Structure formats: structure tokens, C-alpha cells
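Asks: Sequence and predicted model, in that order:
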Number of protein chains: 2
Amino acid sequence: MPDFHVTVDLVVLTIRDGDGPHRADRVASRLARPLAGRLAALLVRRGIDPYAGQLALPGGYVLPHEELADAAYRELREETGLGGAVHLEQLASYGAPGRDPRGPTVTVAFLALAPMLGSVVGGSDAAAAEWTPVDEIPWQGLAFDHAQILCDGIERARAKLEYSSLGAAFCPPEFTIGQLRAVYEAVWGYPLDPRNFHRKVSSAQGFLEPVGRTSTVDGGRPAQLFRRGQVQALHPPLTRGSDTLSGSPAG
Amino acid sequence: MPDFHVTVDLVVLTIRDGDGPHRADRVASRLARPLAGRLAALLVRRGIDPYAGQLALPGGYVLPHEELADAAYRELREETGLGGAVHLEQLASYGAPGRDPRGPTVTVAFLALAPMLGSVVGGSDAAAAEWTPVDEIPWQGLAFDHAQILCDGIERARAKLEYSSLGAAFCPPEFTIGQLRAVYEAVWGYPLDPRNFHRKVSSAQGFLEPVGRTSTVDGGRPAQLFRRGQVQALHPPLTRGSDTLSGSPAG
DNA sequence: ACAAAAGTGTTGCTTTTACACCCATGC
DNA sequence: GCATGGGTGTAAAAGCAACACTTTTGT
């Protein structure tokens, strides 16, 4: 019974302000308004030896007698200062021979979704932590097999938004449907019809829980505030499939 | 950097002949014809010490310098004699402290789907391997945290049949749409409308590939044979959602 | 007044469901 | 003939994309 090192690695995603790019494959021929946010991943600059100086996912060794998810939470706090208000779920495990020069190592990757706010501080063995928009990730320069893991994490997030209420994990505790739509648009990389989106999510039973009213968030009129509801799964899904694109044209 | 033992465990599922039970939550008030098969999982009787004599998932230690998926394939062959004609995918990892009395152990669980045929032989440290219908699984008596893993595996299989072509992994290389429908009915535990099912899967582009004709399989007329197609994902999904139930009434 | 976002109504199209019906075979 | 399963047609219902339109704020 040979032994392995066991680590956790974190794909931490959030939505940041700023015009996101459209995904070329989705908005080919249609006029499209600019997106209100962009999907970004958290990368740290490695301070110690294997791949020192290169960008990597935050992560670290699992302690014996520590639950895997606890280790993921701990690393998240240690390396990024992000609190407990994040969604965390297991992604997959990676154990290719030679993936870590220090010896046989299995890493359990986790996917974490952080609300839109939040500055990040580096700590322990990470010299710096920074949000990188997904279209600017230096895929070639990532340490270990972290390009693969990050890629899997982003794809998981994109897929799960379709049939779960996960999108709300990117929002502050109370949010408007407009903010939630911005999340979906940023993650999927193309605009959605505000009116149909509104109808869809507000008619899905248990998906959203109304709480109050806010004044103008962004120049518009006050809007209903919501909390995420109890329902995790979503039937029917939110169609990122066909040509659900649209939205009012830019000009 | 503490060390862990790393194992793989396999949730191996197949469809076996015989009337399957209906799931109470799905067929409440409606008359329903009997199902043509039932979902079964592979369990082994442990021969060696931790939990000796109890039922467990097939699995074993990962060798250093061995890819996780390779270890899963190896254990599948060693313990069950099942060949390479199975679908195999990673399920999740489990590392709760104390889950293995021999010390800190992380197990990477895999989901394997075996075609309907196939007798099973025991080997190495498994005294016997046997197919157990999922509604007869002795959940309380399983070793380690294998009840949890098995439960997760079954739920994964049920969910994935909806939006992928995974159902065909339960079929022999060439099969009829009727056989494929029997798979879906066995996994989900309730009958589907044969005519709508036929239309749905045969109209899904790339899902099935026609190959030839067979004579009567089961008293009916000859039917078109199919191979699984290239398409993995399925849009739109196959609705196990609402009340897609039905089928001709029993009497 | 104007822009910008929230939210509602409506219309035409596609998908889904439920079921009638015919076809081919074995007994 | 009759049962069994394969396969097609079809009409009602539901879901969805697209877009017109009203409301309510800030500038």
C-alpha cells in the first residue's frame, strides 16, 4: 500500500466589473450590446520551488485527519482571505504520474464561486493572488496540470448554471434579477433577453425569494430584491443551448 | 507534507433481466406495465480484514506511477473479470478522517456502466462478486463509506442519462431502440411511452447510428439495429422531469 | 426631455405529450 | 387469429423566442 501526497486545488471564480468580451462562437452575426461583467479566476504567483514564480491555482497539502472540503476551505482562507460566503463543491481528482515533481501526488480539485465583491490578499506560500479574466488566462504558463483543472472548472460552472441555481452564488446576499442576469451573461459570454430571463427566473418556483425594494442600482428604476431560494435544481433548465442570444442591439 | 493511502472504488452498474419495481414516487396513481429490466450494482464480499465478510464496492490501492483511471480499469479486471467494453468515468473523491481504520485514506470513486450481458467472477482479495438489484442493496451492511459512494454513483447515472448518450453504455454494441428504452426504464424506475421514446432518440442527430436488421428479439417483429453514435451530449435532454410516464396500461 | 433598467402582454413557432393506428412476425 | 413489439401520424397543450409597450427612476 504505497503512499501519496494529497493536495487540494481551488478553481475560484467570480464576476468582475467591466465590459466582458463576447464568445465568438455564440454571437457570430448578430448585433449585441456590451456585457456588464466578466468571469474571472483567482490565480496565485507561486513563491516556492516547484514552478516558483509561475501562476497556479491556490491550494495546498491536506492534513491527516482533515476532511477534503475542510482543507479546501482552509486553503481558501489562508491564501485568499475569502470568507465563508462562497459556494464550494468538489470538481474532480487528478493523479497523473509525474504531475508533481515531488513525488506521487493526487490532487482533489474544488470549484469555488465567490460573490462579485471582494479584494484579495495573498498569504503563506503564495506571493500574490489576483483575479484574471478567463479570456486573459496564460494557459501555457500555469504550474502543474492546473491549466487542465482550471479549464474543467470553468466548463463545470458554465454547465451547472444551466440547470441549477448556482448563478446566485456569484451575487451578494440580496440582488436584483438584473444583477443575476449579468452573472449569466458574464459566465456564458453572450447577452440574454432581459425580459424573457426575468420571466423565467421569477416564475421558477423556489428559485428566488423576494425580500424588498432597492433604489436605483445603475441608473434605472428601483427593482425587486431577491435572496436565493431553496431550490437547487432547475426544471426546465435555462437554455444556453440554441440561439437564446439577443438583447437590444447596441445602438 | 503528510502521506495518505490512495484507493480507487468502483460503482459498477448494469441492467439485469427480470421485472423491475416501479419507483413509488413516480408512478403513484397511474396504471403501469411491468418493466423489462432492473438496475443492479456490483458488490464484492470482502475477504480480508477491515470489514472482512461484509459487502463492499470493488476497488483497491492505486500503484505509484499509475494513472487513477488505469487503476480503476485494473481493479475492474482483477476483481470482476469485466473487459474493456465498459464506460468508465470519475465520480468523486472521499477522504473523511477515519473512513478507513488502516490510516488516512483518500478514495477516488469511479462509475462504470457494463452492458447487459456478463457473468462475473471473483478474484484476488474479493471472495465473490455479485450483482445486486439497487432496491435490494443492504445499505446498512456496506463496508467503509461505500453506501454513500454507491448512492452518489446511482444518482449520477440517473441524472446523466437525461442529457447524454450514456444509456447506450448499458447496451450491447448493437441494439434496438426497444432495448435502449428498457435501459432508461430500468434506471429511472418507471415506464416511458415507446412511441415517443422512439421518435425522440431516432431524431436526435448523431445519437444513434443505424447498422442493420435483426430478427425477432422478444416475440416482436424484426427491428432496426443501432450502434451508439458520436454525440455525447444531448440537447434537448430526455425529460425524466415532469410526468413523462405512461405506456400502455397493464391489463 | 432623455436614457436606462424593470417589468408585463402578446404572437407565432417549436417541442412535448398522449394516443390512434398500421405493420411484421411468432405462436 | 391473436399477442407482441416496431414504427408513423396527429391534434391538443405547453414552452419559448422575439419584440412592443408601460413604468419609474437619475441626469
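Replies: Structure received. It should be emphasised that the depicted structure is a prediction, and the values quoted were computed from it without experimental measurement.

Asks: switch to C-alpha atoms for all contacts and neighbour counts from now on
Replies: Noted.

Asks: so what pLDDT did A:R221 get?
Replies: Model confidence at A:R221, given as pLDDT, is 76.

Asks: For A:G37, name its beta-bridge partners.
Replies: Beta bridges link A:G37 to A:D17, judged by DSSP bridges.

Asks: same deal with the one 5 residues further on?
Replies: In this entry, A:L42 is beta-bridged to A:W131, by DSSP bridges.

Asks: Is it correct that it is in contact with A:D9?
Replies: No - here A:L42 lies out of contact with A:D9, judged by CA atoms under 8 Å, at a distance of 11.3 Å.

Asks: where do the contact lists of these two overlap?
Replies: Listed as contacting both A:L42 and A:D9 by CA atoms under 8 Å, 6 or more residues apart in numbering or on different chains are A:57-58.

Asks: Tell me the first helix or strand C-terminal of the lowest-mean-pLDDT helix or strand in chain A.
Replies: Sorting the helices and strands of chain A by mean pLDDT, DSSP states H and E puts strand A:126-133 at the bottom, at a mean of 76. Using DSSP states H and E, the helix or strand that directly follows strand A:126-133 along the chain is helix A:146-163.

Asks: who touches that following helix?
Replies: With CA under 8 Å, 6+ apart, helix A:146-163 has contacts from A:11, A:13, A:56-57, A:91, A:109-111, A:139-140, A:166-167, A:184, A:187-188, A:233-240.

Asks: again, only using 7 Å
Replies: With CA atoms under 7 Å, 6 or more residues apart in numbering or on different chains as the contact definition, helix A:146-163 has outside contacts at A:11, A:56-57, A:91, A:111, A:139, A:166-167, A:187-188, A:233-235, A:237-240.

Asks: The closest residue to DNA strand D within chain A: how many residues sit nearby?
Replies: Across chain A, the shortest distance to DNA strand D (CA to the nearest atom of the strand) belongs to A:R221, at 3.9 Å. Neighbour count of A:R221, defined by other CA atoms under 10 Å in any protein chain shown: 9.

Asks: Any buried residues in stretch A:58-69, and which?
Replies: A:58-64, A:67-69 (16 or more other CA atoms under 10 Å in any protein chain shown).

Asks: For those residues, work out which two are farthest apart.
Replies: A:P58 and A:P64 (19.3 Å; CA to CA).

Asks: returning to that earlier point: from the contacts of helix A:146-163, which ones fall inside helices?
Replies: Among the contacts of helix A:146-163, the members found in helices (DSSP state H) are A:187-188.

Asks: starting at the chain centroid, how far to stretch A:148-166?
Replies: 8 Å (CA atoms, centre = their mean, to the nearest Å).

Asks: Hmm, I typed the wrong one, I wanted stretch A:65-72.
Replies: 21 Å.

Asks: try stretch A:166-181
Replies: Distance of stretch A:166-181 from its chain centroid, counting by CA atoms, centre = their mean, is 13 Å.

Asks: Up against DNA strand C, what does chain A have?
Replies: Residues of chain A lying near DNA strand C by CA under 7 Å from any atom of the strand: A:176-179, A:194-196, A:198-199, A:218-224.

Asks: who touches A:T176 in this structure?
Replies: A:223-226.

Asks: before we move on, the earlier item: who's more crowded, A:L42 and A:D9?
Replies: A:D9 (27 against 24).

Asks: What's the separation between the nearest residue in space to that one that is not next to it in sequence and A:V8?
Replies: With CA to CA, 6 or more residues apart in numbering or on different chains as the criterion, A:D9 has its nearest non-adjacent residue at 4.2 Å, and that residue is A:G59. To A:V8, A:G59 is 5 Å away according to CA to CA, to the nearest Å.

Asks: What residue, apart from its backbone neighbours, is nearest A:G212 spatially?
Replies: A:L225 (5.2 Å).

Asks: low pLDDT regions in the stretch 101-250 of chain A?
Replies: Within the stretch 101-250 of chain A, the ranges that satisfy pLDDT under 70 run A:117-128, A:215-220, A:239-250.

Asks: domain ranges for chain A?
Replies: Split into domains by automatic domain parsing, chain A comes to A:5-163, A:165-228.

Asks: Does the first one reach DNA strand D?
Replies: No - contact of domain A:5-163 with DNA strand D is not found when judged by CA under 7 Å from any atom of the strand; the minimum separation is 9.8 Å.

Asks: quick revisit: out of the buried residues of stretch A:58-69, which are inside helices?
Replies: A:68-69.

Asks: Let's have the buried residues of stretch A:58-69 in CSV, adding pLDDT.
Replies: Listed next are those as CSV, based on pLDDT from 0 to 100:
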residue, pLDDT
A:P58, 95
A:G59, 95
A:G60, 95
A:Y61, 96
A:V62, 97
A:L63, 95
A:P64, 91
A:E67, 97
A:L68, 98
A:A69, 97
